[in-house]
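> got a structure for you, letters missing:
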């Protein structure tokens, strides 16, 4: 019994000794960890600030830095600001940081702390803002950065960014910088003398949507950053055109680009199955193929050409999209040529009346100007050009019926239509026009049907509610030949007064009212301006 008690006591002392040793070891481990953390934080903070200060040759600010060694070396920080040798953004008051970073974190091996260079596989960034200096100061700035590249004590293989903002500045303090919002950004193979691989999601403000792009950027050309190579692919989907006042539809686009930062060649396509202008409200399919030259440092774009298909009509455009100093947005200037189109497609797109006023093939040349601003697209859109419709027909039965009757009478056939019904007469229509503030103005509108030629000028509103045209009608038949019976006899004495310039009858006319209720009549209160209109049209056609 006594022996058993002694053995129990010995076992108890042994376990207490083991527990004591374990406590000592645990305490030592905790102390060691605390020492490592205590040493790691100032070491890393000094390494980071030294690396960034050497790289950018300026001061670096860091609000906080936290270190954990539970699963290797975990580092997180916030409030990082890196300044350049000069103020990169003269548009904003005060001295702006070159780089601002809200948050960052990364993981690495603890042994890296005691090496000459800390190697980090991936750094995660949030809320980064990059201020690219004006082009005048970039060459000297990048030379200084390159000269300090060998002094870097922290090396990173890959960056993953969230909510990045890129500002490309210029030296004019009154001109806002070019701004790009990048919701997600991945960069790898980062190092001097080699291209940077990137995968980015850019936020397009208008129309609202995300642009996915992958490609190569660099190597950076310090003598002239505009010559830095860039290439890649992009896709733009579900872009809501409704964010642009006056138009609507969901746009998608894909393409490729290559070149230098100041001369990026882009080839792509766009599809908008439900494109619409709010003044008409009609949704129509629109497809384009384009070739463009983009200056990535200014955002200016030259289009040469854009090939488009709208419903069953085709047209091409050449021109530019440029920034206007002191105004928000871009100025769009295009020369548009329509060679194979249907007038009903163009009218359906831009005019609210349904069905469109006229059908038939059309050719057109016009200059399109869309000024920057926040107003409705229809109010900012300016057009100036000429068109030619051959063999058109009016969809309004009342209008077409009156033209059919007019054609018979002006050919001297009287009531032949009732006795021998004929097909609707075809109308040839050509003119010189301007579109401003939703109103089409015609300095010349010439149309002809068998027996009649009319030259007019006037206005037509895009909502189809009103039009007002006045001009001169030249008829093949004399007044007395356009009727019968005793009326014909009474009119014979006045035939000579209206038969002039080779026409059987020449009279001033007007067409007013609305699309649904047109009014035709004589207009003896206006002068004959036919020859003036004719010269205007011939001059425009030659150009």
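Sure thing, it's come through. All values derive from a computational prediction rather than experimental measurement.

> please name the nearest non-neighbouring residue to residue 283.
Once flanking residues are discounted, residue 283 sits nearest to residue 274: 4.1 Å by Cβ to Cβ, 6 or more residues apart in numbering. Glycine gets a C-beta too; all of them are placed from N, C-alpha and C.

> please list all residues in contact with that neighbour.
Shown in contact with residue 274 (Cβ atoms under 8 Å, 6 or more residues apart in numbering): 248-250, 283-285.

> sec struct for it, please.
With DSSP: H, G, I helix; E, B strand; the rest coil as the basis, residue 274 sits in strand.

> and it, what pLDDT?
Per-residue pLDDT puts residue 274 at 89.

> ok, now how distant is it from residue 368?
21 Å (Cβ to Cβ, to the nearest Å).

> again, but for residue 337
Residue 337 is 11 Å from residue 368, by Cβ to Cβ.

> just residue 445 next, same as before
Applying Cβ to Cβ to residue 445 and residue 368 gives a distance of 20 Å.

> between those two, who's got more neighbours?
Between residue 445 and residue 368, residue 445 has the larger neighbour count (other Cβ atoms under 10 Å), namely 23 against 17.

> mind listing what the more buried one touches?
Listed by Cβ under 8 Å, 6+ apart, the contact set of residue 445 reads 429, 431, 455-458, 469, 471.

> in strands, which of these appear?
The strands, defined by DSSP state E, take in 429, 431, 455-458, 469, 471 from those.

> surely residue 352 and residue 279 touch.
Yes. With contact defined as Cβ atoms under 8 Å, residue 352 reaches residue 279; the gap is 6.3 Å.

> who has more neighbours, these two?
A direct count of neighbours by other Cβ under 10 Å for residue 352 and residue 279 places residue 279 higher, at 22 against 18.

> state the phi and psi torsions of the nearest residue to residue 377 once chain neighbours are set aside.
Of all residues not flanking residue 377 in the chain, residue 246 sits nearest, at 2.9 Å (Cβ to Cβ, 6+ apart). Backbone torsions for residue 246, taken as degrees, to the nearest 10, come to phi 110, psi -20.

> before we move on, back to that, JSON lines for the ones in strands among the contacts of residue 445, including neighbour count and pLDDT?
Shown next, in JSON lines, are the ones in strands among the contacts of residue 445 (neighbours: other Cβ atoms under 10 Å; pLDDT from 0 to 100):
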{"residue": "429", "neighbour count": "20", "pLDDT": "90"}
{"residue": "431", "neighbour count": "24", "pLDDT": "91"}
{"residue": "455", "neighbour count": "23", "pLDDT": "91"}
{"residue": "456", "neighbour count": "24", "pLDDT": "89"}
{"residue": "457", "neighbour count": "20", "pLDDT": "91"}
{"residue": "458", "neighbour count": "17", "pLDDT": "90"}
{"residue": "469", "neighbour count": "19", "pLDDT": "87"}
{"residue": "471", "neighbour count": "24", "pLDDT": "89"}
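
> and those residues, which is closest to residue 183?
residue 431 (48.3 Å; Cβ to Cβ).

> how about the closest one: what's its closest non-neighbour residue?
Residue 431's closest residue in space is residue 445 (Cβ to Cβ, 6+ apart), at 4.2 Å.

> what's near enough to touch residue 503?
474-476.

> residue 86 - that's part of a helix, no?
No. Assessed with three-state DSSP, residue 86 is coil; it does not lie in a helix.

> correct me, but it touches residue 133?
Yes. Using Cβ under 8 Å, residue 86 is in contact with residue 133, at 6.9 Å.

> tell me the contacts of residue 208?
Contacts of residue 208 by Cβ under 8 Å, 6+ apart are 239-240, 243.

> in ChimeraX, select just the buried ones from these.
Command for ChimeraX that selects the buried part of those, burial taken from 16 or more other Cβ atoms under 10 Å:
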select :239
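
> adding secondary structure, write the contacts of residue 208 out as JSON lines.
Below are the contacts of residue 208 laid out as JSON lines (three-state DSSP):
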{"residue": "239", "secondary structure": "strand"}
{"residue": "240", "secondary structure": "strand"}
{"residue": "243", "secondary structure": "helix"}
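
> what would the contacts of residue 208 look like in a markdown table with pLDDT?
Below are the contacts of residue 208 laid out as a markdown table (pLDDT from 0 to 100):
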| residue | pLDDT |
| --- | --- |
| 239 | 84 |
| 240 | 83 |
| 243 | 73 |
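
> any low-confidence regions in the stretch 1-150 of the chain?
Applying pLDDT under 70 to the stretch 1-150 of the chain flags residues 1-45, 47-48, 51-57, 69-70, 110-118, 135-150.

> just the element for residue 66, please.
Per DSSP states H and E: residue 66 is located in strand 60-68.

> tell me the angle the next helix or strand after that strand makes with strand 60-68.
Toward the C-terminus, strand 60-68 is succeeded by strand 73-82 as the next helix or strand (DSSP H and E). In terms of direction (axes from the mean of the first three to the mean of the last three Cα atoms, to 10 degrees), strand 73-82 departs from strand 60-68 by 170 degrees.

> mind checking how far strand 73-82 is from the chain centre?
36 Å (Cα atoms, centre = their mean, to the nearest Å).

> how about stretch 206-214?
On Cα atoms, centre = their mean, the centre of stretch 206-214 falls 10 Å from the chain's centre.

> in stretch 170-187, which residues are buried?
For stretch 170-187, by 16+ other Cβ under 10 Å, it's 170, 176-178, 180, 182, 184-185, 187.
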